[in-house]
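Engineer: Compute the structure for the input listed below.
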Amino acid sequence: MRIGELAALAGVSARAVRHYHQLGLLPEPARLANGYRSYGLRDAVALTRIRRLTELGLGLEEVREVLAGDTGRPLADVLAELDADLARQERLIRERRARLAVLLRRAREGTLPAEGPVSGELAAVFGEMARTARRLPGPEPSTAVWEREVLTLLESTARPEDRERMLRLLRTNASAPEAMRRAYEAYALMDALAEAAPDDPRVAETARALAGCVQPEIAAELARDAAGTPPQAADSALLAALYKDLAPAQAEALRQAVGLVLADGERKGKGSR
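Structural biologist: Got it, this is the predicted structure:
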């Protein structure tokens, strides 16, 4: 048989046959006087076996191990590994479909955040923000939109333990009476600083409003985290990026607010000892 005839018989392409030759999966056959490969029944059997193994989902390196015979891995072991991997993939697919079902329901209800798919906890916070924004006489402050984008980024990139902690702190903060109203007042003050200078008197007022949005127990926890941190390391890489993304006066207000929160948290911590 010529290569095209062998390929047709085994149900693969001639290109695949050549590829298997290059990888050493299929031995090179004898050649005719004109240089063409000449295949026999044993070649067809070997090629069909390769095709069946790949159809099961084995990679070509795994096929090579199975074909190695006594020096390779038993087919049963390779198939058991493949089955375990498929089971893991099935579990992941079920989990993804469950999350998608929740997102689809929110999309149909009109409660899916514009920032994209987020956890149920963060979606609940965003939903409360949306309800507060609808009660405003004018458009939603751009700082509120910016904060949602930052929270979405943090949830997507944080380590699982850090993400859980962030969501816990958000839930605690958002559950306080009038918490969202105070937050939107602070957002409006931040928006007003978009064209202001860093030494504008409104910066200090905005910093106090931002700090006032943080519940005392959260401030105390953040202060404990920051205890012992060298002054030059007080601003994390994330905070530095946030400051850079804001207008100068807004960045200064946020910087002062962080200082106020940590100082207040330290006082609260000392008072509880």
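Engineer: tally of neighbours for residue 96?
Structural biologist: Applying the criterion other Cβ atoms under 10 Å, we find 10 residues in the vicinity of residue 96. The way it works is simple: take the backbone N, C-alpha and C, and place the C-beta from them, glycine included.
Engineer: elements contacting the helix or strand where it lies?
Structural biologist: For residue 96, the host element (DSSP states H and E) is helix 75-109. Counting by 3 or more Cβ pairs under 8 Å, 6 or more residues apart in numbering; DSSP states H and E, the packing neighbours recorded for helix 75-109 are helix 60-67.
Engineer: CA atoms only: put the helix it packs on into CSV for me.
Structural biologist: As requested, C-alpha coordinates have been extracted for helix 60-67 and formatted as CSV (Å, rounded to 0.1, in the frame of the first residue of the first chain):
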residue,chain,number,x,y,z
LEU,A,60,1.0,11.2,21.7
GLU,A,61,3.6,10.9,24.5
GLU,A,62,1.2,8.6,26.4
VAL,A,63,0.7,6.6,23.2
ARG,A,64,4.5,6.3,22.9
GLU,A,65,4.6,4.9,26.5
VAL,A,66,1.9,2.4,25.7
LEU,A,67,3.5,1.3,22.5
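Engineer: buried set for that helix?
Structural biologist: Buried residues in helix 60-67, counting neighbours by 16 or more other Cβ atoms under 10 Å, are found at 62-67.
Engineer: how about a markdown table for those residues, with pLDDT and distance to residue 244 added?
Structural biologist: As requested, the buried residues of helix 60-67 are exported to a markdown table (pLDDT from 0 to 100; distance: Cβ to Cβ, whole Å):
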| residue | pLDDT | distance to residue 244 |
| --- | --- | --- |
| 62 | 89 | 49 |
| 63 | 91 | 52 |
| 64 | 90 | 52 |
| 65 | 87 | 52 |
| 66 | 87 | 55 |
| 67 | 86 | 57 |
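Engineer: The helix holding residue 96: how far from the chain's middle?
Structural biologist: Between the mean C-alpha point of helix 75-109 and the mean C-alpha point of its chain there is a distance of 17 Å (Cα atoms, centre = their mean, to the nearest Å).
Engineer: One more: stretch 248-268?
Structural biologist: Computed by Cα atoms, centre = their mean, the chain-centroid distance of stretch 248-268 equals 29 Å.
Engineer: From residue 42, how far out is the residue lying closest to residue 3 once chain neighbours are set aside?
Structural biologist: In space, and not counting its chain neighbours, residue 3 is closest to residue 14: 5.1 Å by Cβ to Cβ, 6 or more residues apart in numbering. Counting by Cβ to Cβ, to the nearest Å, the gap from residue 14 to residue 42 is 18 Å.
Engineer: Tell me which residue is most central in this structure.
Structural biologist: With distances taken as Cα atoms, centre = their mean, the residue of the chain nearest its centroid is residue 156 (3.9 Å).
Engineer: What helix or strand is that residue located in?
Structural biologist: Here residue 156 is covered by helix 142-157, with elements defined by DSSP H and E.
Engineer: now swap in residue 196 and tell me
Structural biologist: Here residue 196 sits in a region with no helix or strand, counting by DSSP H and E.
Engineer: Could you pull up the residues touching it?
Structural biologist: Remark: with contacts taken as Cβ atoms under 8 Å, 6 or more residues apart in numbering, residue 196 is in contact with 202-203, 247, 249.
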